Each structure stands twice: as C-alpha cells, then as structure tokens.
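Novice: Got a sequence here, can you build the structure:
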Amino acid sequence: MLKSDFFDLVDKFLSDTISEDEKKVLEELLLDKKNAIIFKNLIKEDYLIKTNSIKFDAQKSLDDSLLKLKGVPPQKRNYPTLLKYAAVTLVLIGMALVYRTLSTTPDTTFIMPSQVAEKQIRLLLEDGTEKLLSTTITDSVHGQSNHVLGYVNKGKLQYIKQTGDNKLAYNILKVPHGKQFQVVLSDGTLVHINAGSSLKYPVSFSENGNREVFLDGEAFFEVEKDVARKFIVKANVLNVEVLGTQFNVSSYSEDFLVQTTLEEGSVKVYDKQSPEKALFLEPNEQSSFDKENKSLKKGKVDINQFTAWRQGSLVFKKTAFSKIIKMLERHYDVKIINKNKSLDNETFTARFDEEEIAEIINYFSNSYGFKFNINNQTIEIE
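Specialist: Next up is the predicted model:
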C-alpha cells in the first residue's frame with residue numbers, strides 16, 4: 001500500500017464510506033506511534049499556513065477535537081481537512097497517545113500495512129483466513145457461515161462453547177514481540193500468551209478424549225479441571241499433561257531448553273519419545289528439557305522469576321546476559337546486537353517493571369561498563 005492509500009483510508013473514514021475491513025487496517029495503522037507523528041507534522045504545517053500563525057497550538061487543537069467528540073462545535077475556523085485527522089486519531093487510539101504524539105520529535109518513517117500485520121496479534125482461522133486482533137477494541141470472531149466463535153475484549157479472546165459438531169477445527173493465535181495476549185478456550189481454560197509466541201488449539205474441544213494444544217514460545221496456563229479429559233500442552237518434543245492446575249511453559253524454538261514451571265496443582269512432563277521417563281512436578285518446581293542431549297531434570301525455583309512476565313515485569317536471578325538479551329528482544333520488540341562477547345556468560349540479578357528499554361540497557365552499561373548505541377529499534381553494544 002502506498003502513502004496515498006493511507007490517506008484515502010482516512011478520507012473514507014471521515015466520509016463514512018469506509019468498509020469494516022478497511023477500518024480495521026486504519027485502526028491498526030494509527031495505533032503505531034510513528035504514523036501518529038506523521039499526522040502531527042501534517043497538521044502543524046497546514047495549521048500554520050491556513051491561520052498565518054507562527055506557533056502551533058497543540059492543546060487548542062486537542063481541545064477542539066474533544067469538544068467535537070462531545071457534540072459541542074468548536075469555534076469555527078477554516079482548518080484544512082488534515083486537522084480532522086486529529087479527531088480521527090482520538091477516536092481510534094485514545095486521547096493520551098495523541099497528546100503525547102503532538103509533543104514528540106518528528107519521525108517520517110511510514111509503517112506499511114504488511115509491517116503492521118507482523119507487529120499485531122494475529123488469529124489464523126481454520127479456513128486459512130487471518131484476522132488482526134486489537135488489545136483496545138471490542139470485536140467478534142466469526143467462522144464458516146459467519147458463525148460466531150468468540151469475542152475479543154481488552155486483550156482477551158474468549159471462545160463460546162460450540163455444540164453439535166464433533167470435528168476438531170483449529171485456530172492459531174500468534175503474538176508478536178513486544179505484546180502479550182490472553183485466550184479463554186472453549187473449556188474455560190485461560191491461557192496468557194507471552195511475546196513472540198503462538199498457540200494452536202481447537203475452537204471447541206471434543207467431548208471425549210484429551211484436550212490438546214500446541215505451543216511454540218511461552219504461555220501460562222490456568223487449566224479448567226476436568227477429571228475425564230486430560231489437558232496436554234505439546235511444546236516441541238515435550239508434553240505437559242494435567243487435569244487442572246496453573247503452570248508456565250517456555251518452549252521457544254530458538255532456545256535449547258524447554259522449561260515447565262508449576263505454580264499450583266501437579267503436572268506430568270515427558271519427552272514424547274520416552275514417556276516412561278516422565279517427571280511429576282510439585283508447586284514451585286521446574287523441569288528443564290535439553291533439546292540437544294534429550295535430558296529431562298527438575299528442581300526447586302522461585303516461581304515469580306518465571307511468571308512475572310504476566311504483569312509486564314522481567315525478573316533475572318543470576319541470569320546469563322545472552323539469555324537476558326533474548327528476553328529483552330521479545331519483551332520490547334527490539335534487535336540487540338552484542339559485539340562484546342565477553343558479556344554473554346556474565347550473570348546479572350535485577351527486576352524491571354515499567355522501565356523503558358533504554359533505561360534497562362543503561363543499567364547494565366553502568367554495572368559492567370560497556371558503551372551502547374540505540375537507533376530506532378536496534379541496540380548495538382560495543
């Protein structure tokens with residue numbers, strides 16, 4: 001899509017001729033701060049030209065837009081069409097983001113829809129179609145014949161229990177770096193999906209047999225108890241089997257370990273090729289499966305270190321810097337290039353809650369004494 005197409009979408013929205021699919025594309029584009037910054041620059045230029053001003057009154061523009069949203073007409077001015085984009089931005093991405101955007105440094109990078117899709121939460125339906133899910137917009141998910149499968153609200157997709165069809169139809173939920181999402185499966189099981197992860201699951205579990213889902217990445221499961229149907233997480237070559245419990249599974253394809261951490265209840269963990277060597281975990285225990293040598297072991301851990309990500313926190317305890325880099329890349333959607341290889345095996349203990357990525361890298365820099373450069377989403381460690 002060209003830049004001109006982007007503005008066509010805005011015009012269609014303003015003229016109330018935009019389709020639902022086009023509206024969703026526009027909504028996702030405007031969620032990106034860089035695109036919102038483009039709005040600010042264009043608004044500023046036209047404002048200065050049309051009003052013969054020497055200063056752009058961002059607060060006045062915002063106030064007028066708010067009055068417009070409340071149904072109170074602002075003082076009449078000969079504002080250009082682009083000024084209306086501020087109101088559009090308010091409708092789609094909220095007042096706070098617009099106000100911050102109006103005072104940020106200009107950035108002329110344009111984010112294309114294909115890039116937006118890669119950075120948004122995606123749901124792959126059974127028929128191969130793909131739907132973008134928002135963490136801020138209430139929406140519904142439809143299957144074949146426009147049948148409602150579930151609803152999306154506040155970062156959570158909740159499925160409706162289906163009846164009358166015993167054939168398993170699978171959906172795949174893909175969460176990109178920098179985001180998290182929740183899904184409530186048809187049996188009531190709640191799954192918190194971490195950044196850079198995907199989960200494949202049936203739209204509705206069979207009334208008979210096990211409940212099976214497939215994980216690539218990391219997720220925390222709050223499994224609805226059902227003594228007649230085991231719940232099995234298939235994570236790479238490892239299976240995690242439960243009846244009803246709460247546990248975390250980390251199984252990123254690029255990691256050499258698959259880790260299962262139990263918070264509540266009990267779980268059975270085993271290599272699919274060696275089920276007779278299964279381990280049973282108790283609360284505050286973690287199993288580690290080495291993909292290379294096929295070894296499976298368990299031990300006591302601090303559960304918070306491995307589940308704090310659900311609250312947006314990162315906890316490191318004597319963690320190797322090479323692993324910390326991977327976790328930061330997923331959590332903040334950045335690329336970290338470490339040229340200082342002596343850092344890889346250095347271990348750090350720290351907790352981060354609401355810090356920006358620059359603050360975190362600066363913390364490690366002060367601790368170890370290395371230099372770094374940040375260029376957009378790429379961080380280079382000297």
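Novice: Show me where this structure has its helices.
Specialist: 3-14, 20-31, 33-51, 58-69, 84-93, 95-101, 113-118, 303-307, 321-332, 357-368 (DSSP state H).
Novice: By mean pLDDT, show me the worst of those helices.
Specialist: Of all those, helix 95-101 carries the lowest average pLDDT, namely a mean of 36.
Novice: What is the strand ranked longest in the chain packed up against?
Specialist: Secondary structure of the chain per DSSP state E: the longest strand is strand 211-222. Using 3 or more C-beta pairs under 8 Å, 6 or more residues apart in numbering; DSSP states H and E, the elements in contact with strand 211-222 are strand 190-193, strand 197-202, strand 231-235, strand 246-251. For every residue, glycine as well, the C-beta is placed using N, CA and C.
Novice: contacting residues around it?
Specialist: 175, 185, 187, 189-202, 205, 226, 229-236, 242, 245-253, 307, 309-310 (C-beta atoms under 8 Å, 6 or more residues apart in numbering).
Novice: again, only this time at 6 Å
Specialist: Contact with strand 211-222 is made by 190-194, 196-201, 205, 229, 231-235, 246-253, 310, as judged by C-beta atoms under 6 Å, 6 or more residues apart in numbering.
Novice: Could you check the angle that strand makes with strand 197-202?
Specialist: 130 degrees (axes from the mean of the first three to the mean of the last three C-alpha atoms, to 10 degrees).
Novice: ok and strand 211-222 relative to strand 231-235, angle-wise?
Specialist: 90 degrees.
Novice: what's the angle from strand 211-222 to strand 246-251?
Specialist: Using the same axes, to 10 degrees: strand 211-222 against strand 246-251 is 110 degrees.
Novice: average pLDDT for strand 211-222?
Specialist: On average, strand 211-222 scores 97.
Novice: who does that strand pair up with?
Specialist: strand 190-193 (antiparallel), strand 197-202 (antiparallel), strand 231-235 (parallel), strand 246-251 (antiparallel) (DSSP bridges).
Novice: Now do the contacts for the nearest residue to F289 once chain neighbours are set aside.
Specialist: Excluding the flanking residues, the one nearest F289 by C-beta to C-beta, 6 or more residues apart in numbering is V258, at 4.3 Å. Residues in contact with V258 (C-beta under 6 Å, 6+ apart) are A235, N236, L238, S251, F289.
Novice: what's the first-to-last distance across stretch 292-302?
Specialist: End-to-end distance for stretch 292-302: 25 Å, by C-alpha to C-alpha, to the nearest Å.
Novice: rewinding a little: could you single out the nearest of the contacts of V258 to G143?
Specialist: The nearest member of the contacts of V258 to G143, counting by C-beta to C-beta, is A235 at 26.4 Å.
Novice: what bridges to the nearest residue to that closest one once chain neighbours are set aside?
Specialist: Closest residue to A235 apart from its sequence neighbours, by C-beta to C-beta, 6+ apart: S251 at 3.5 Å. The partner list for S251 in beta bridges (DSSP bridges) reads G217.
Novice: okay but S251 is in contact with K234, surely?
Specialist: No - assessed by C-beta atoms under 6 Å, S251 is found out of contact with K234, at 9.2 Å.
Novice: Which one of the two is surrounded by more residues?
Specialist: Set side by side, S251 and K234 show more neighbours around S251, with 25 against 18, by other C-beta atoms under 10 Å.
Novice: Tell me how far that one lies from S288.
Specialist: Using C-beta to C-beta, to the nearest Å, S251 is found at 11 Å from S288.
Novice: now do I121
Specialist: On the measure of C-beta to C-beta, I121 and S288 end up 29 Å apart.
Novice: do the same with V334
Specialist: 27 Å.
Novice: With L132 instead?
Specialist: 35 Å.
Novice: now T261
Specialist: For T261, the distance to S288 - C-beta to C-beta - is 10 Å.
Novice: And E126, by the same measure?
Specialist: For E126 relative to S288 (C-beta to C-beta), the value is 34 Å.
Novice: again with L157
Specialist: 30 Å.
Novice: now N375
Specialist: 36 Å.
Novice: Could you pull up the residues touching N338?
Specialist: Taking C-beta under 6 Å, 6+ apart as the test, what N338 contacts is I381.
Novice: so how far is I361 from it?
Specialist: 11 Å.
Novice: Tell me, please, where in the stretch 151-300 of the chain the pLDDT is lower than the cut-off.
Specialist: Filtered on pLDDT under 70, the stretch 151-300 of the chain yields the residue ranges 164-166.
Novice: how deep is Q144 tucked in, by neighbour count?
Specialist: 11.
Novice: Give me the nearest residue to it, chain neighbours excluded.
Specialist: D127 (6.4 Å).
Novice: what's the burial count for that neighbour?
Specialist: With other C-beta under 10 Å as criterion, D127 counts 8.
Novice: Show me how the chain divides into domains.
Specialist: 3-112, 120-305, 313-381 (automatic domain parsing).
Novice: most packed of those domains?
Specialist: domain 120-305 (a mean of 17; mean count of other C-beta atoms under 10 Å).
Novice: end to end, how far does it reach?
Specialist: The first residue of domain 120-305 is 27 Å away from its last residue (C-alpha to C-alpha).
Novice: Kindly report the same for stretch 363-375.
Specialist: Using C-alpha to C-alpha, the two ends of stretch 363-375 sit 18 Å apart.
Novice: Please apply the same query to stretch 195-213.
Specialist: Terminal-residue distance, stretch 195-213 (C-alpha to C-alpha): 18 Å.
Novice: Thanks a lot, see you next time.
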